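A.B. asks: The sequence and its predicted three-dimensional model are supplied below.
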Amino acid sequence: MYISKIEIKNFRNFKDKEIIFNDGVNVIIGHNNAGKTNLIKALSLVIDCQTSKRLEVDDFNKNTTIAVLKANPPKVSIAVTIQKGENEEPDDLVTIATWLTKLDSNYEALLTYEFFLPEKELTKYKKAVEGISDVDPKAIDIALNIIKQDFIRLYTFKIWGGNLSNQAVAENDSLQKFDFQFLNAIRDVERDMLTGRNTLLRDVFNFFLDYEIKIDRTKTDDEKAEIIKQRRIDFSLKADVLIEELQKRMLEGKKQILSYAKETGASFNNANPNFEGAISDVEMFSVLKLIVEYTTGIQMKIPATHNGLGYNNLIFMSLLLAKMQVNSDGDYMGSNSKVFPVLAIEEPEAHLHPAMQYKFLKFLKQNKTQNKARQIFITTHSTHITSAVSLDDLISLHNENGITTVGYPGKVFPDDKSKKYVQRFLDATKSDMLFAQKVILVEGIAEQLLMSVFAQYENKSLEDNHVAVINVGGRFFDYFLHLFDRTKPNTINKKVACITDRDPERKAKTENTFKKCYPYEFNQDVTAYDYNSNPNANKDQEGLNSNITFFSQDIEQGKTFEYDLVLQNPTLELLVTNSMSNQQEIKNLMRLFRNNKPIADLEAELRDSEENTRIKDSIAANTWNENDKKKAIIASRYLNSVGKGENALELSYNLLENIEKKNTPEYVEFIVPEYIKQAIDWICQ
């Protein structure tokens, strides 16, 4: 069996939300305060017998109205559906038998936690809140404060089994069959595991003591019990020798200690204190300490307290899984054994470098296949973890303006090709799109490196607006947009800006292949050429979807990012970087334009080449005005002289250095290309 879904009503950031789970590993992702921890807490309220079931006023969802609060006191309801899974155990159906809502080959059961004000208190409650003004801006706060002061202590909770209408309380014996182990993000693993005095280590030691006997299938249970019993007797006899040796060494000292007892009156009425004891094998665990042995030429033994936090986290989680194995062993625990072990971990990446994160995730999956943990829930901010798991394992939470939405990245694709493409390219860098509140998708490395710099020139911050800039490596926006199209089910509801090049093309009617062309060549000779451009660039500015919008260059004069950069800044020598070719030639062109020289002077500056001849001929054939033609010459020459990656890095450095000089004489004016300015304005709204 497995927990197939949870329905949360009125709990923290969840107003009324259903979340579907996988039979296996569930990786819950989302930006900060999206509700990941709250989801795990909601789950624990239903199936964790160790957690407190009482809530506070702050646990109620605040997205309500005073009219709703006047009508009824707030109530939390959390319903967990349990279904038949792929790997069934003999005791599964017996455990949930009285909670069944559907009994066939694919059975279903329901557990519902409710935290509510008893009916007998309703009249008193309504009288207490009826006087609150509906128009008072603080009406909700006043009502919640009344609940906090006078009613929260009267609230009670129930866990119902089966259909809620039956109001049948789930029996505690069956609830105890769930083993919910939760490792939160703020954890002190050293305190929890370092010595045998700790319950975790002691229980693990006790179970695995004489393990080779316990798992020996060639022996009967009686034979195993007899061998272990004899081992305990042998240990006790050896321990008695040690105790006797201690007694001899303490003989004279004990007389001195006991003399004080007589003087204080502790020996009243012939009652004389003494020292006696025995040590069992279980009690001996208290002297064991966790160490780590290193073999690096020489063998070293290091106390666990001297290890890094990440290493100790891994050790602790392995012990936790061992403890779950102990709890679920029917032969060892008898009727107290657990049937359904669930492991929940917040931020397993804490203190772990990326390679160790991947190895740990692989370890967890392996434990799932071995049924040591029947179901695993992980909340994470780690792009390394998300890039290492299947899209089907991911559950994405998104919270905007107090409204929580849920996305299932593995379920959004219309075909297997799109899904495999995104799965393949969703590396640790591109996984940022799953965590950020907003996303800008760009075609190349240059736009990715410079987008944050451009935002600064517009007095905006992509970081403050939680915007991730993702380079999709070409025009492949559609594959990724399947994740975010809010008009379709299971998608992640985020604002996404797509910045794309216009990329005009043409081909001679006698040829089969389109080739890049300049804007001033586009549609200039329709008798000899067919023309084309990037279809993404022609998408409606606002798009058909309010959360996804495309931005591109001017339909008549635009070409690529680098081209448009100089088209908007035709005299800005700051854009000429050391990694470019033809640096002096481009600077000369910029100076000629700045000095308003005729187009012939700019054309004369171009060195002889086949490409430059094409530029001059095409410019001459175009009907644009001379100023636009001159800018186009500079932009074309610039585009043909840059290398993508290194130029973008140098350009980023130059522009950042320039912005630091703002309000000084050294600052030079830079104009952000219009289509990028529009994208930044839109995404930061």
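C.D. replies: Looks like it arrived, so ask away. Numbers count the residues shown, from 1 in each chain.
A.B. asks: Every contact and neighbour count from this point should use C-alpha atoms.
C.D. replies: Fine.
A.B. asks: Show me where the stretch 301-450 of the chain dips below the pLDDT cut-off.
C.D. replies: The stretch 301-450 of the chain contains residues with pLDDT under 70 at 301-315, 351, 367-372, 428.
A.B. asks: now the helices for it?
C.D. replies: 309-327, 330-333, 354-369, 383-388, 416-425, 432-435, 445-457 (DSSP state H, counting those that start in this stretch).
A.B. asks: same check, this time on the stretch 101-250 of the chain
C.D. replies: Ranges of helices within the stretch 101-250 of the chain are 122-129, 139-146, 172-175, 189-193, 199-208, 211-214, 221-249, based on DSSP H, counting those that start in this stretch.
A.B. asks: Show me which residues of the first one are buried.
C.D. replies: So the one you mean is helix 122-129. Within helix 122-129, the residues that qualify as buried by neighbour count (16 or more other C-alpha atoms under 10 Å) are 125, 128, 129.
A.B. asks: could you check the angle helix 139-146 makes with it?
C.D. replies: Taking axes from the mean of the first three to the mean of the last three C-alpha atoms, to 10 degrees, one finds helix 122-129 and helix 139-146 inclined to each other by 130 degrees.
A.B. asks: Now helix 122-129: average pLDDT?
C.D. replies: On average, the pLDDT along helix 122-129 is 96.
A.B. asks: ok now it, how far from the chain's centre?
C.D. replies: In terms of C-alpha atoms, centre = their mean, to the nearest Å, the centre of helix 122-129 is found 42 Å from the chain centre.
A.B. asks: And for it, what's in contact with it?
C.D. replies: Helix 122-129 is touched from outside by 70, 71, 72, 73, 143, 146, 151, with contacts defined as C-alpha atoms under 8 Å, 6 or more residues apart in numbering.
A.B. asks: Out of these, flag the one nearest to residue 581.
C.D. replies: Minimum separation from residue 581 among those (C-alpha to C-alpha) is found for residue 143, which lies at 70.1 Å.
A.B. asks: what's the spacing between the residue nearest to that closest one when sequence neighbours are not counted and residue 68?
C.D. replies: Residue nearest to residue 143 in three dimensions, not counting chain neighbours: residue 129, with 6.2 Å by C-alpha to C-alpha, 6 or more residues apart in numbering. In this structure, residue 129 and residue 68 are 11 Å apart, going by C-alpha to C-alpha, to the nearest Å.
A.B. asks: And the residue nearest to residue 143, how far from residue 71?
C.D. replies: Per C-alpha to C-alpha, residue 129 is found 9 Å from residue 71.
A.B. asks: Give me the phi and psi angles of residue 19.
C.D. replies: Residue 19 has phi and psi values of phi -130, psi 130 when expressed as degrees, to the nearest 10.
A.B. asks: Would you confirm that it contacts residue 9?
C.D. replies: No: contact status for residue 19 versus residue 9: not in contact, 11.5 Å apart, counting by C-alpha atoms under 8 Å.
A.B. asks: out of the two, which sits in the busier spot?
C.D. replies: Between residue 19 and residue 9, counted using other C-alpha atoms under 10 Å, residue 9 has the larger neighbour count: 21 against 18.
A.B. asks: Check the gap between that one and residue 59 for me.
C.D. replies: From residue 9 over to residue 59 (counting by C-alpha to C-alpha), the distance is 11 Å.
A.B. asks: quick one: contacts for residue 666?
C.D. replies: Residue 666 sits next to residue 658 when contact means C-alpha under 8 Å, 6+ apart.
A.B. asks: Pop out the phi and psi values for it.
C.D. replies: Backbone torsions of residue 666, given as degrees, to the nearest 10, read phi -80, psi -10.
A.B. asks: cool, the one 5 residues further on as well?
C.D. replies: Here the main-chain torsion angles of residue 671 (degrees, to the nearest 10) amount to phi -110, psi 120.
A.B. asks: start at 25 instead
C.D. replies: With 25 as the first residue, the last one maps to residue 695.
A.B. asks: quick one, what contacts it?
C.D. replies: Contact partners of residue 695, counting by C-alpha under 8 Å, 6+ apart, are 592, 593.
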